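1. sequence below, structure please.
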Amino acid sequence: MDVIDERFEPVQPVESYLSHLQAVERSPNTVRAYASSLRLFFEFLAGRGAAWEEVGLDELGRFVSWLRSPAEGVIPIDAAVSARSASTVNRHLAAVFSFYEFHARFGVGVAAELVEWRRGGRGSYRPFLEGVGGRSRRGPRRPVRLRSERRLPQTLTTEQVAVLLAACGHVRDRLLIALLAETGMRAGQALGLRHCDVISRTKTVRIVPRSDNANGARAKCRDTAQIPVSAPLVRLYSEYLFDEYGEIDSDYVFVNLFAEPVGRPLGYSAVAGLVGRLRARSGIDFSLHVLRHSAASEWIRAGVPIEVVSKLLTHASIATTNDTYVHLDVEDLRAELARAGLR
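-> Numbering: from 1, shown residues only. Predicted coordinates for the structure are as follows:
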């Protein structure tokens with residue numbers, strides 16, 4: 001993804017940084033997100049006539065204000081009228097700091113100054129309440145992380161998942177939805193599955209990180225993981241092979257069957273089309289990642305230890321699982337007290 005200047009020419013510092021992200025195999029979604037953030041940053045700099053090499057801490061603070069302001073020069077007091085949410089501003093700011101950290105390795109002085117400030121503990125994105133940019137008696141205000149409201153992940157009930165499965169017009173689609181809903185697998189992990197990864201005898205599915213998937217699917221895990229599955233899911237896989245897959249010669253489990261080129265590994269765009277059709281048929285607003293959230297939430301509510309949930313989700317850290325999914329509401333708390341015999 002190119003970031004271009006007012007002369008419609010690529011911005012070289014950004015291009016070199018994005019090329020670096022691609023070289024270290026950051027996901028295409030991450031590269032696109034960072035490119036979007038840096039496009040905004042360079043748009044802000046162009047509006048102020050500022051060179052990126054000369055940016056200081058105050059200028060980054062003004063960038064945060066610019067992101068939040070529905071009108072130039074206006075800093076909203078109420079977050080409800082902000083042009084962008086705090087979490088969105090944080091995401092853009094993280095991309096800018098990562099951009100400067102990259103260029104610090106090549107001796108860009110101002111970038112090194114910003115990186116040193118951040119590593120010194122003053123740039124850890126602490127919340128601030130008195131606006132952004134400007135100066136105080138203690139020195140320049142710091143562009144720091146805004147406090148954002150914690151959003152609970154959207155989940156589906158068992159009944160809603162059943163409705164989605166019933167809305168599937170093909171066994172392949174039903175297998176994909178059932179697999180994601182039962183295992184909490186990422187869509188990319190499912191799309192990268194080979195037939196050798198489905199071990200029917202032991203009712204196990206292997207998630208193997210591969211960098212050569214023809215459909216661009218990414219497992220987003222470092223090591224091979226083995227996930228237990230149910231007997232009904234194994235039977236659904238067998239039904240899929242017998243009824244629809246037939247004589248297609250492919251190593252991939254999920255392939256094009258009803259659109260050209262037949263036999264090609266199913267891609268993200270095709271799955272997005274499936275999600276759109278299921279939304280229309282079922283009336284349920286969901287994404288494939290919601291199925292992952294739903295599985296994890298169900299495990300936690302059933303009392304599955306957090307370390308087991310983390311392993312099933314192929315998280316690199318239990319902290320990630322804990323921060324994302326431990327969101328008990330009052331009814332969950334009541335159920336836990338009843339289970340302990342205290343209510």
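2. where does pLDDT dip in the stretch 1-150 of the chain?
-> 1-10, 24-25, 70-83, 107, 109-150 (pLDDT under 70).
3. burial count for D173?
-> 23 (other C-beta atoms under 10 Å). (Each C-beta comes from the backbone N, C-alpha and C, glycine too.)
4. contact partners for it?
-> D173 makes contacts with L274, L278, as judged by C-beta atoms under 8 Å, 6 or more residues apart in numbering.
5. and it, how far from Q160?
-> As for D173, its distance to Q160 is 16 Å (criterion: C-beta to C-beta, to the nearest Å).
6. same check on L179?
-> From L179 across to Q160, the span is 17 Å (C-beta to C-beta).
7. so which of these two has more stuff around it?
-> The neighbour comparison of L179 against Q160 (other C-beta under 10 Å) goes to L179, with 24 against 17.
8. tell me which element that one is part of?
-> helix 171-183 (DSSP states H and E).
9. state the next helix or strand along the chain beyond the longest helix anywhere in the chain.
-> The longest helix of the chain (DSSP state H) is helix 28-48. Following helix 28-48 in sequence order, the next helix or strand is helix 57-68 (DSSP H and E).
10. pull out the buried residues from that next one.
-> Burial within helix 57-68, assessed by neighbour count using 16 or more other C-beta atoms under 10 Å, is assigned to L57, D58, E59, L60, G61, R62, F63, V64, S65, W66, L67, R68.
11. for it, packing partners?
-> helix 28-48, helix 86-104, helix 109-117, strand 139-140 (3 or more C-beta pairs under 8 Å, 6 or more residues apart in numbering; DSSP states H and E).
12. how about 7 Å then?
-> When contacts are defined as 3 or more C-beta pairs under 7 Å, 6 or more residues apart in numbering; DSSP states H and E, helix 57-68 sits against helix 28-48, helix 86-104.
13. now do that helix: distance to the chain's middle.
-> 25 Å (C-alpha atoms, centre = their mean, to the nearest Å).
14. got the angle between that helix and helix 86-104?
-> Angle of helix 57-68 versus helix 86-104, following axes from the mean of the first three to the mean of the last three C-alpha atoms, to 10 degrees, is 140 degrees.
15. next, the contact list for T224, please.
-> Contact partners of T224, counting by C-beta atoms under 7 Å, 6 or more residues apart in numbering, are R206, I207, V208.
16. tell me the buried residues in stretch 174-184?
-> Buried, per 16+ other C-beta under 10 Å, within stretch 174-184: R174, L175, L176, I177, A178, L179, L180, A181, E182, T183, G184.
17. which residue ranges of the protein form helices?
-> According to DSSP H, the helices that the chain contains are 12-23, 28-48, 57-68, 86-104, 109-117, 158-167, 171-183, 187-191, 231-240, 268-282, 288-301, 306-312, 318-325, 330-339.
18. those helices: which one's closest to G246?
-> Comparison of the helices of the chain against G246 by C-beta to C-beta identifies helix 231-240 as nearest, at 10.2 Å.
19. now that closest one - C-alpha only, CSV.
-> Extracted in CSV, the C-alpha atoms of helix 231-240 (Å, rounded to 0.1, in the frame of the first residue of the first chain):
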residue,chain,number,x,y,z
ALA,A,231,-17.0,-36.7,16.7
PRO,A,232,-19.9,-34.8,15.0
LEU,A,233,-17.4,-32.4,13.5
VAL,A,234,-15.3,-35.3,12.1
ARG,A,235,-18.5,-36.8,10.6
LEU,A,236,-19.3,-33.4,9.0
TYR,A,237,-15.8,-33.3,7.5
SER,A,238,-16.3,-36.9,6.1
GLU,A,239,-19.7,-35.8,4.7
TYR,A,240,-18.1,-32.8,3.0
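20. which positions in it come out as buried?
-> L233, V234, L236, Y237, Y240.
21. adding pLDDT, write those out as a markdown table.
-> A markdown table is the format used below for those (pLDDT from 0 to 100):
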| residue | pLDDT |
| --- | --- |
| L233 | 96 |
| V234 | 96 |
| L236 | 96 |
| Y237 | 96 |
| Y240 | 96 |
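22. among the contacts of T224, who's most crowded?
-> Neighbour-wise, the contacts of T224 (other C-beta under 10 Å) top out at I207, 23 neighbours.
23. much appreciated, bye for now.
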